[in-house]
Every structure is written in C-alpha cells, then in structure tokens.
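*Asks:* Have a look at this fold, sequence not included:
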C-alpha cells in the first residue's frame with residue numbers, strides 16, 4: 001500500500017536528448033527519489049548537473065525517456081497532455097527566480113490568475129483565500145497595486161501567494177531568492193518554510209546558496225545526472 005504522506009516518487013528516471021542520433025546523450029541516469037508531504041528539501045548541484053531538466057520533469061513540463069514519475073500516487077509518463085496539464089494545475093505550484101507577474105493586473109489578480117485560467121471568474125471563497133494569502137505574505141494592503149509599484153521582494157511574495165492559490169500538494173521553487181538581497185532572500189525563504197508547515201505542501205527548492213540549503217530539512221545533491229547525496233537536517 002502506498003504511503004499516504006508520499007507526494008512525489010521517481011523510479012529509475014532517465015532523460016536523453018537527440019535519441020537515435022550520433023550525438024545522443026543521457027542527462028539523467030536512473031534517478032530514484034521520494035518526497036513526502038512534510039518535506040522541505042533543497043536540490044543542489046553544480047551547473048550542468050541536470051537540475052533544470054529534473055525540475056521540468058517533476059513539474060510535468062516534460063516527459064522522461066524511461067522510468068516513472070508518480071505524483072500523488074498517479075503514474076504520469078503515459079498520460080496525455082490534457083491529463084498532465086490538469087494534474088499539474090491541481091497539484092503543483094511554481095515559484096521562479098523571476099516572478100513573471102503580469103504588469104497589467106493587480107497583485108490580487110496575479111494571485112488569482114491560475115484559478116481564473118482554469119475556472120474563469122473566481123467565486124467569493126476563492127477571492128477570500130487569495131486575500132488571505134496576500135495577508136500571509138504581508139501584502140494585504142497592496143492587493144490593488146500593480147507589480148511595477150512593488151519592490152522586488154514584494155513581487156516575489158506575490159508570486160509565492162500565486163503558487164499557493166490552488167492549494168498544491170507540491171511547491172517547486174527554482175532559485176526563488178536568486179534575484180534578491182540577503183535580507184529579503186531570508187524572509188522569502190522563511191515564508192516558504194511557513195507554508196510548508198501551515199498548508200501541508202511539500203517544498204522542493206533548487207538553490208546554489210549553501211546557506212539556504214543548510215536551513216532546509218533535507219539536502220538532495222545532484223552531480224552529473226545522478227543523486228550522490230540525500231542528507232537530512234533535523235530541526236531541534
């Protein structure tokens with residue numbers, strides 16, 4: 001029986017490019033990994049180690065060459081595009097180094113965007129939840145401001161609230177603090193940890209910053225397309 005806490009499981013995951021050509025190359029070499037609902041984990045490794053490729057696969061933005069990605073117990077490799085898109089929208093939140101907010105919309109409208117794309121005009125309960133997320137990131141007074149009227153750190157906080165509007169089981173953060181000063185980066189990272197605890201969503205953070213990875217509960221190290229380390233850091 002599957003562990004009810006299990007959010008993500010990779011089984012012998014492989015990814016190759018230029019398949020069947022002389023320059024065929026395998027960039028992921030049979031990865032095995034489990035992420036549970038309580039995990040707050042960092043994914044680290046040198047440039048070129050395949051972190052971005054892995055994140056795209058986990059986020060169901062690309063498909064593996066072989067092996068399987070189980071998300072909430074569902075095998076995904078053979079899903080069609082429609083099913084993958086639906087599962088991604090329901091189960092995964094994304095936070096990137098650059099916030100990718102839409103300038104024409106307010107902070108509140110940007111937070112609501114994933115639900116508006118999926119379901120159209122938000123209902124009162126969804127509006128209330130979006131406002132509560134903005135309050136959680138300390139921006140309840142800025143709901144009607146546009147991104148250009150916010151600082152970089154404030155924009156990234158809006159992006160975090162947007163990633164959580166669908167109540168995802170898994171939050172993927174790709175260098176979420178890479179464009180921020182040290183103080184703001186620490187504040188954003190602490191927000192991610194708080195949401196991991198309060199909302200019960202697993203968090204997987206790609207970071208090059210060893211100071212941030214050491215504050216995670218778990219550090220997964222990738223080198224040359226393989227996982228070479230998986231270290232826990234119990235809090236206490």
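*Replies:* It's in. Computed from a predicted structure; not experimentally measured.
*Asks:* what sits up against the helix or strand where residue 197 lies?
*Replies:* For residue 197, the host element (DSSP states H and E) is helix 182-199. Contacts with helix 182-199, where a contact means C-beta atoms under 8 Å, 6 or more residues apart in numbering, come from 38-40, 95, 136-137, 151-153, 156-157, 160, 164, 167, 171, 173, 176-177, 180, 201-203, 205, 209, 212, 215. Using the backbone N, CA and C atoms, a C-beta is placed for each residue, glycine as well.
*Asks:* Can you turn the buried part of those into a ChimeraX selection?
*Replies:* Entered in ChimeraX, the line below selects the buried ones among those, by 16 or more other C-beta atoms under 10 Å:
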select :39,40,95,136,137,153,156,157,160,164,171,173,176,177,180,201,202,203,205,209,212,215
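*Asks:* now, which of the contacts of helix 182-199 lie within strands?
*Replies:* Applying DSSP state E to the contacts of helix 182-199, the entries found in strands are 40, 95, 171, 173, 202-203, 205.
*Asks:* Report the separation between the residue nearest the centre of the chain and residue 141.
*Replies:* Taking C-alpha atoms, centre = their mean, the centroid of the chain lies closest to residue 172, which sits 0.9 Å from it. When distance is defined by C-beta to C-beta, to the nearest Å, residue 172 is 29 Å away from residue 141.
*Asks:* From the chain's centroid, how far away is the helix or strand of the chain at the bottom of the mean pLDDT ranking?
*Replies:* Within the chain, no helix or strand scores below helix 210-213, which has a mean of 76 by mean pLDDT, DSSP states H and E. A distance of 17 Å separates the centroid of the chain from that of helix 210-213, by C-alpha atoms, centre = their mean, to the nearest Å.
*Asks:* Skip ahead from it and say which helix or strand is next.
*Replies:* strand 218-223.
*Asks:* From the rest of the structure, what touches that next one?
*Replies:* Contacts of strand 218-223 (C-beta under 8 Å, 6+ apart): 33, 39-46, 49-51, 54, 213, 227-233.
*Asks:* redo that, cut-off 6 Å
*Replies:* Strand 218-223 is contacted from outside by 41-45, 49, 51, 213, 228-232, using C-beta atoms under 6 Å, 6 or more residues apart in numbering.
*Asks:* And the residues you listed, which two are furthest apart?
*Replies:* Maximum pairwise distance among the contacts of strand 218-223 (C-beta to C-beta): 20.7 Å, between 49 and 232.
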